[in-house]
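Participant: I would like to see how this sequence folds:
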Amino acid sequence: MKNFDSRTYSINDFIEWDDRGQLEISPKFQRRSVWSPQAKSYLIDTILKDKPLPKIFIRATTDPKTKKTTREIVDGQQRIRTILSFVKDGFKISKVHNEEFGGMLYSELPEEVQGEFLKYEVAVDLLLDVQDRDILDVFARLNTYSVSLNKQELFNAKYFGYFKQLVYKLSGDFYTFWTENRIFTDTKIMRMSEAELMTDLIIAALEGIQSKKSADKFYSKYDEVFENRKEIEANIKATMDLIGNLFGATLKTSNFRTVPNFYGLFVALYHMNFGIPNMELPRKAITEKDIPKIINTLEDINSIFELDEIPKEYFEFIKSTKDATTDVPARKTRCSFIIAKLYECMKD
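Facilitator: Okay, the predicted model is just below:
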């Protein structure tokens, strides 16, 4: 006999079950973790923006005498607790996540928004009259196919504030750019490789060239307060657009499409126009008349990678693109080389 079924239930269904005493939110099968206020707000914002949530597992047990069905949350208890708490005005949405409704309780939302919230559908796997040992077996099988989180995925799970929001907004805005220029494959993007690079680019714009190992510090530092985020966003978009204009369709066949070289290219161009903190190299804002010179200079730099024998004056630059590429010394060497070449060509 089939003992599971995939269904969808509205948030209002969960509220009605809870009111009737037919919903048991039990941590029996999962960790007793407590979500932060940021995590709760982020979940509510996900619902308000009609984005999908992960599937929830419910064990349904019907008493044949009373004909009463009890629904026990065996996976997804924090999500359901958060939703029910919000509907009861337990907390407010953060402005970090939703500028329109930030600072509001559920009861303070416009009536039509409340209605859409209640109609939001949650995907559920319903386990019908299943014993505890069978539920544990289900989770063991699900975990067999789970993939260990990489560092960027851990950041995504840990932080919910302004810095993370900017990373994923910009990463998504340039999805076509990443894929068409062969900087990242869809598989890499699924594992958040483009977010990892964007993290490094935002950090460089904010506080200068840093090691990749320091990323966690910046997610924490700018989680709740990020005053110049709009300016940084605009500057990064302008730099990405500039790269697109400089290369056109040629970036995908250029050596600058590799992540270490793209980082150096981006930081160099950003420094020219906006300045990279703690980068003690002269800069000059790029004008339309500079574009042909810059294109020619970047082509010259690209050609260095094609040389059979690397001249001595280029050795450290090439080394910085291959060895310890995410450490500060290699990044500074790489970026400084490109900046110097760009400034030199723009002086003429």
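
Participant: what about the residue nearest to residue 290 when sequence neighbours are not counted, neighbour count?
Facilitator: Nearest non-adjacent residue to residue 290, counting by CB to CB, 6 or more residues apart in numbering: residue 346, 5.2 Å away. Glycine gets a C-beta too; all of them are placed from N, C-alpha and C. Residues near residue 346, counting by other CB atoms under 10 Å, number 19.

Participant: ok, residue 346 touching residue 294?
Facilitator: Yes. Using CB atoms under 8 Å, residue 346 makes contact with residue 294 at a distance of 7.3 Å.

Participant: and for the two, which residues touch both?
Facilitator: Shared contacts of residue 346 and residue 294, defined by CB atoms under 8 Å, 6 or more residues apart in numbering, comprise residue 286.

Participant: quick one: residue 223 and residue 166 touch, right?
Facilitator: No. Contact status for residue 223 versus residue 166: not in contact, 11.1 Å apart, counting by CB under 8 Å.

Participant: thinking again about what came up before, what helix or strand is the residue nearest to residue 290 on?
Facilitator: For residue 346, the element it lies in under DSSP states H and E is helix 328-347.

Participant: distance-wise, check residue 216 relative to residue 191.
Facilitator: Remark: distance between residue 216 and residue 191 (CB to CB, to the nearest Å) = 18 Å.

Participant: ignore what I typed, I meant residue 203.
Facilitator: From residue 203 across to residue 191, the span is 20 Å (CB to CB).

Participant: still on that earlier bit, looking at the residue nearest to residue 290 now. What's its pLDDT?
Facilitator: Per-residue confidence (pLDDT) for residue 346: 91.

Participant: do the same with residue 180
Facilitator: On pLDDT, residue 180 comes in at 96.

Participant: what about the residue nearest to residue 94 when sequence neighbours are not counted, which SS state?
Facilitator: Of all residues not flanking residue 94 in the chain, residue 41 sits nearest, at 4.0 Å (CB to CB, 6+ apart). Using DSSP: H, G, I helix; E, B strand; the rest coil, the structure places residue 41 in helix.

Participant: am I right that residue 41 is in contact with residue 97?
Facilitator: Yes. Between residue 41 and residue 97 there is a contact at 5.2 Å, judged by CB under 8 Å.

Participant: spit out the residues that contact the two alike.
Facilitator: Counting by CB under 8 Å, 6+ apart, the shared contacts of residue 41 and residue 97 are residue 160.

Participant: in terms of neighbours, single out the busier of the two.
Facilitator: Shown here are residue 41 and residue 97; by other CB under 10 Å, residue 41 has more neighbours (24 against 21).
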